Each structure stands twice: as C-alpha cells, then as structure tokens.
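A.B. asks: Need a 3D model of the sequence below.
(4 chains)
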Number of protein chains: 2
Amino acid sequence: MTAPPSPELSPDPQTPPPAPYASPCTCFQVRRAARIITGRYDAALAPLGLRITQFSVLAHLVQQPVPLTALAEMLVMDRTTLTRTLKPMLAAGWVTTEADPTDRRIKRAQLTETGLALFEQAVPLWRDTQRAVKDHLGRDFVRDLHDRLTTVWETLSAAP
Amino acid sequence: MTAPPSPELSPDPQTPPPAPYASPCTCFQVRRAARIITGRYDAALAPLGLRITQFSVLAHLVQQPVPLTALAEMLVMDRTTLTRTLKPMLAAGWVTTEADPTDRRIKRAQLTETGLALFEQAVPLWRDTQRAVKDHLGRDFVRDLHDRLTTVWETLSAAP
DNA sequence: TATACAACATTGTATATGCAATTAATAAAT
DNA sequence: ATTTATTAATTGCATATACAATGTTGTATA
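C.D. replies: Just a heads-up that it's a prediction; the model follows:
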C-alpha cells in the first residue's frame, strides 16, 4: 500500500504551525471560524450564565410564543437539536412550553418573566460583541462576510 | 418589567420563514453556514463511515506521526476536544498512539495501514465535495470566502 | 369507520466542543 | 536535592449537533 501523501491537505510538519495555515478545505475553514466566533460570543454572555445559542432562542421568542417546529426552522437547526437546546433553558425557568388546545401535537415555547429579563440584560453584551467584531474586522468586511455566509446557506440548502 | 422587544434580532413571526432570513448576528451566520457545509462533507464521506472532522485528522497524519498537542494546534481545536475526537478513531484502528521515549509525557499519533487506506479512499470523495461546493458558489466566491474566514481566525485569535 | 398517511415531538446513539480540575512527567529555581 | 513551575494528557461536566427509531395525534382515504 504505497501512500500518495496529499501535501495540500496538511501544513508542512517541519514548521509546526502556531500560525494558522490556510487550509484548502472549505469545511475546515468555516468550522474553525465558527469555533472562534462562538467563543467570543459565549465569553461575552458567560457572566449571565448564557450561551449564544440560547440567546438566539430567547431572541426568537420575544415577540410571542412560537411552535417548536417553526422555532427550529427559524433557528435553522435540526428539530431534535432544538429539543436538547431547550432542555436546560426549561430547567432554568427561562422558557416554558404549552400545548396548543386545538392541536395537541403542537407545543409552543414562550419566554418567562425571568427569561425576558435575562434577554434584556444580554442584549447589550451581544451588541458589544457585534461591535467589537466589526471594529476588529471592519464594517465592510463583516457586511460582505454576512452576505457570503447567507449565500452559502441559501445555495447549498437549495442545491441537490 | 416592560419589554423593549428587539425586532432586529428575530424575523417577522407573522411571516414564518421557510426562507432563511439574514440574521444580523455574525455568530449565528457562521454557525449556520458551518452546519450546512459540514452536512455536505459528512454526507459525502458517510459511505466510508468517516466524518469530515476525522478526515481532517487523518490528513494531518499522512506525512508522519505528530505529537497530540501539535496536532491539536494544527487542527485549531481544543486539546481536550482532540482527545475525544481521537477516541473512536483509535477504537476503529485507523490511528495509534505511541509514547515518546525521551519524554514520556508526549504521545504521538500515527496512521495505521487501515487508516491510510481509508484516507486514500476518502480523498476523492473530499475532492468531489470541494468541487461541488465550488461549482455551486463559484470559484471566486469560494476563494474570497476562504480568505475572509482565514482573516476572521487570524484577527480574532490575535485580538484581545 | 377502519386504515393508511402525515405531522409533531421525544429518545437512543454517537460525535463535536470547550472549560475546569486532575494526574503525570519534565524543567527551573532556590 | 528539594521545592516550584511548566507542560502533556486525560476526565468530569455541560452543551451542540444530527440521524434513526418511536410514540402520539391529526387527516385523508378506501
């Protein structure tokens, strides 16, 4: 079994990279970026015991109660992932669920008083982080990044 | 507790979005893109029982054995995450670890014959996926996306 | 109406992720 | 040489992620 090593897939190991090398793998790139950005947002919200994923959920419930499947669609996450995501939030008393009287299959999630208060505390921290990221990377850079990431989602979720 | 709902944080719930709305949250954007891209790559590698994260690990071991901490740095993942990532790969016999004789703290990971063969089978599938993504999004688009994602990583890992 | 089908939700299983704490081994300092 | 600090690795804990399978409820159909 002779190995055709794929040098383009890994950095030169003679120069072990403290400096991040430009991987050719799109998946690696976007996951890496997601990790560091998530770390930023999570760190900013940590004083409230909140994570950015949970913050997203709260943000989508501010207006009114939302059926769980619709909520998962809004958040663009797997339906089963939402169930797990919601679990600690229910335990913390930030969110409650109520059954739809007319269709007992449907459950709606809604904010509690505690959840709303927490969200209001979190918004400024979220905003600060948004601003910090924008300051570091530049307004135009971030806008273009957003556009491209949205395009990635739209294109790949539509494509076969 | 009167609520100042933050309309910019959630889509209009009167128009429940099957169409993905453009969230203003950079973190949400990049995580969403990471989810769909990861799904693509995982699906492509699934016939081999391999995930894209595992493929990345294999790719970094093709040249020669790598100490685990250095491997985690190459992969830009938390050191403890690497331990968990490696676990099923060790169990599957794709990778082994060996202690450094001169420094017994250090463990090196290296490919097995099986792991190398698997990697060689996986490379074409990875390449196909790369090409498919490029075809869908456009070569220039992907190149610019890569550049920006690398910049995100470099900038935010350096910034305070 | 009995049956098939579709929609909603959860649970089992498995990996992904990272912080805090722990253990072990080496290096540095007194 | 003993103490101290550093480095390498793992484990505990908690959340993030999604596929497959299951149970429940509503709808459509024969």
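
A.B. asks: Would you agree A:Met89 is in contact with A:Val57?
C.D. replies: Yes. Counting by CB atoms under 8 Å, A:Met89 does reach A:Val57; the two are 6.5 Å apart. For every residue, glycine as well, the C-beta is placed using N, CA and C.

A.B. asks: what touches both of these two?
C.D. replies: A:Val95 (CB atoms under 8 Å, 6 or more residues apart in numbering or on different chains).

A.B. asks: Now do the SS call for the most centrally placed residue in chain A.
C.D. replies: Nearest to the mean C-alpha position of chain A, by CA atoms, centre = their mean, lies A:Thr53 at 5.1 Å. Under DSSP: H, G, I helix; E, B strand; the rest coil, the three-state class of A:Thr53 is helix.

A.B. asks: Please report how far it lies from chain B.
C.D. replies: Separation of A:Thr53 from chain B (CB to the nearest CB, to the nearest Å) stands at 8 Å.

A.B. asks: Please give the element, helix or strand, for the closest residue in space to that residue that isn't next to it in sequence.
C.D. replies: Spatial nearest neighbour of A:Thr53, excluding adjacent residues (CB to CB, 6 or more residues apart in numbering or on different chains): A:Thr85 at 6.1 Å. Assigned by DSSP states H and E, A:Thr85 belongs to helix A:79-92.

A.B. asks: Contacts for that helix, please.
C.D. replies: Contacts for helix A:79-92 (CB under 8 Å, 6+ apart): A:49, A:53-54, A:57-58, A:68-69, A:71-72, A:75, A:77, A:95-97, A:109, A:114-115.

A.B. asks: for the record, mean pLDDT for it?
C.D. replies: Across helix A:79-92, the average pLDDT comes to 97.

A.B. asks: from the chain's centre, how far out does it sit?
C.D. replies: Its chain's C-alpha centre and that of helix A:79-92 lie 14 Å apart, by CA atoms, centre = their mean, to the nearest Å.

A.B. asks: same check, this time on stretch A:124-140
C.D. replies: 16 Å.

A.B. asks: cool, stretch A:124-144 as well?
C.D. replies: With CA atoms, centre = their mean, you get 16 Å for stretch A:124-144.

A.B. asks: Do it and DNA strand D come into contact?
C.D. replies: No. Residues of stretch A:124-144 are not located near DNA strand D by CB under 7 Å from any atom of the strand, the shortest gap being 14.1 Å.

A.B. asks: What are the buried residues along that stretch?
C.D. replies: A:Leu125, A:Trp126, A:Thr129, A:Gln130, A:Val133, A:His136, A:Leu137, A:Phe141, A:Val142 (16 or more other CB atoms under 10 Å in any protein chain shown).

A.B. asks: What is the nearest of these to DNA strand D?
C.D. replies: A:Trp126 (14.1 Å; CB to the nearest atom of the strand).

A.B. asks: which residue sits closest to that closest one, ignoring its sequence neighbours?
C.D. replies: A:Trp126's closest residue in space is A:Phe55 (CB to CB, 6+ apart), at 6.2 Å.

A.B. asks: Burial check on that neighbour, number of neighbours?
C.D. replies: The tally of other residues near A:Phe55 (other CB atoms under 10 Å in any protein chain shown) stands at 25.

A.B. asks: And for the one 10 residues further on?
C.D. replies: When neighbours are counted by other CB under 10 Å, A:Pro65 registers 17.

A.B. asks: Tell me where the model's unsure across chain A.
C.D. replies: A:1-22 (pLDDT under 70).

A.B. asks: near DNA strand D, which residues of it?
C.D. replies: A:51, A:53-54, A:77-78, A:80-81, A:84-85, A:88, A:103-105.

A.B. asks: Can you tell me how far A:Arg35 is from B:Pro124?
C.D. replies: 27 Å (CB to CB, to the nearest Å).

A.B. asks: Kindly report the same for A:Leu48.
C.D. replies: 47 Å.
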